[in-house]
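A.B. asks: Got a predicted model here, sequence first, then my questions.
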Amino acid sequence: MKKGTVKKIIIFFIILIITISSILLYSRFIATKNIQIHEYKIVNKNFTDEYYGLKIVHISDIHYGRITFEKELNELVKKVNMTKPDIIVFTGDLIDQDNKLNNEEADKISSILSEMNATVGKYAINGNHDYYFKDWDLIVENSGFKILNDNYDLIYLRNDKYIMISGMSTNSYGKKSINEKLNDSSSYLKDKKDDEKPIYSILLMHEPDYIDDINLNDYNLVLAGHSHNGQVRIPIIGALKFTLPMGSRKYYDTYYKVKNTDLYVSNGIGTSTVNFRLFNKPSFNLYRFTNK
């Protein structure tokens, strides 16, 4: 092999190593920082004047204890409060399953999240990483969130027109079927006449692929997490599907129209399995209600 050819090969591999190293360093230490806000308009003709401009913040997949700690949690609270939300919803995976959470950390998480303000209410469901944390309920409740695992709440704003917000616990574990989990909210809606039903209905779930097993006639809007929208994304190609967790391999991007229901999937705050993000900054969603 000629000397010039060998030199070119060496240069090529040096450039390749530098490029790969730069991408890895960027994905770990830059792309995982600086939480973004993604804003969307939710249009529905049934929104009365009281609900016009209502703001919902949607947070998911914090995975505390992996790359998200007190500093990042405080940043999240600060940015959420800047949007002055009416409602805050959290769609699971507060604690990373690999984190051995102690009592001091649990109290700190509750203390920080309790500073997150909403004029109407704060709601949460669990994710697959939260399932085995026995103190999850206590942490969430001490943070001022109402737990909506397999439950629902009705929200009234100054008149008899109301919106319904339901929640479904993680489908990765447990023995309850989806029908059993949604039985309370489904039964409530079934017993109501059309003029007695909510003007708008929201469902919180963790793993978005299970939307296909739900009676979507009951819900106008479904909010989910789990996929992180693909922690590693490539321009034009999008999310690398082999990196997506089970339960989010069909619905993993930001938005889908499933029948007549809007599905939004948060790309999350933290990371799972590997501590990298690429072309996918951590973020939360902000939805604004409008009737036109």
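C.D. replies: Everything's here; your move. Numbers count the residues shown, from 1 in each chain.

A.B. asks: can you map out the helices along the stretch 151-292 of the chain?
C.D. replies: In the stretch 151-292 of the chain, helices defined by DSSP state H, counting those that start in this stretch lie at 178-181, 183-190, listed in chain order.

A.B. asks: mean confidence score for the first one?
C.D. replies: Meaning helix 178-181. Looking at helix 178-181 alone, the average pLDDT works out to 96.

A.B. asks: buried sites along it?
C.D. replies: Neighbour-count burial for helix 178-181, with 16 or more other Cβ atoms under 10 Å as criterion, is recorded at 178, 181. The way it works is simple: take the backbone N, C-alpha and C, and place the C-beta from them, glycine included.

A.B. asks: Can you pull out the residues in contact with it?
C.D. replies: Contacts made with helix 178-181 from outside it, assessed by Cβ atoms under 8 Å, 6 or more residues apart in numbering, are listed as 150, 168, 169, 171, 186, 210, 213, 214.

A.B. asks: most neighbours, which of the residues you listed?
C.D. replies: Ranked by neighbour count under the definition other Cβ atoms under 10 Å, those are headed by residue 168 with 28 neighbours.

A.B. asks: pLDDT value on it, please?
C.D. replies: As predicted, residue 168 sits at a pLDDT of 98.

A.B. asks: Test my guess that it contacts residue 152.
C.D. replies: No. Residue 168 is not in contact with residue 152 according to Cβ atoms under 8 Å; the separation is 10.0 Å.

A.B. asks: what's the residue nearest the centre of the chain in contact with, if anything?
C.D. replies: Centroid-nearest residue in the chain, with Cα atoms, centre = their mean: residue 60, separated by 2.8 Å. Under the criterion of Cβ under 8 Å, 6+ apart, the neighbours of residue 60 are 90-93, 127, 206, 224-226, 266, 268-269, 284.

A.B. asks: got it, and residue 230?
C.D. replies: With contacts taken as Cβ under 8 Å, 6+ apart, residue 230 has the following neighbours: 238, 239, 240, 241, 243, 244, 252, 253, 280.

A.B. asks: Residue ranges in the stretch 151-292 of the chain under the pLDDT threshold?
C.D. replies: Screening the stretch 151-292 of the chain residue by residue with the criterion pLDDT under 70, one finds no matching range.

A.B. asks: can you give me the strands for the stretch 101-250 of the chain?
C.D. replies: For the stretch 101-250 of the chain, strands defined by DSSP state E, counting those that start in this stretch occupy the ranges 121-125, 146-147, 151-156, 162-167, 200-204, 221-224, 233-234, 238-239.

A.B. asks: What angle do strand 200-204 and the third one make with each other?
C.D. replies: Taking axes from the mean of the first three to the mean of the last three Cα atoms, to 10 degrees, one finds that strand 151-156 is oriented at 150 degrees with respect to strand 200-204.

A.B. asks: Just checking: what are the partner strands of strand 151-156?
C.D. replies: Its sheet considered, strand 151-156 pairs with strand 162-167 (antiparallel) by DSSP bridges.

A.B. asks: Name the residues of the host helix or strand of residue 76 that come out as buried.
C.D. replies: Taking DSSP states H and E as the criterion, the element that holds residue 76 is helix 70-82. If you call a residue buried by 16+ other Cβ under 10 Å, then helix 70-82 has these buried ones: 72, 73, 75, 76, 77, 79, 80.

A.B. asks: Check which helices and strands it sits against.
C.D. replies: In this structure, helix 70-82 makes packing contacts with strand 55-59, helix 103-113, strand 283-290, judged by 3 or more Cβ pairs under 8 Å, 6 or more residues apart in numbering; DSSP states H and E.
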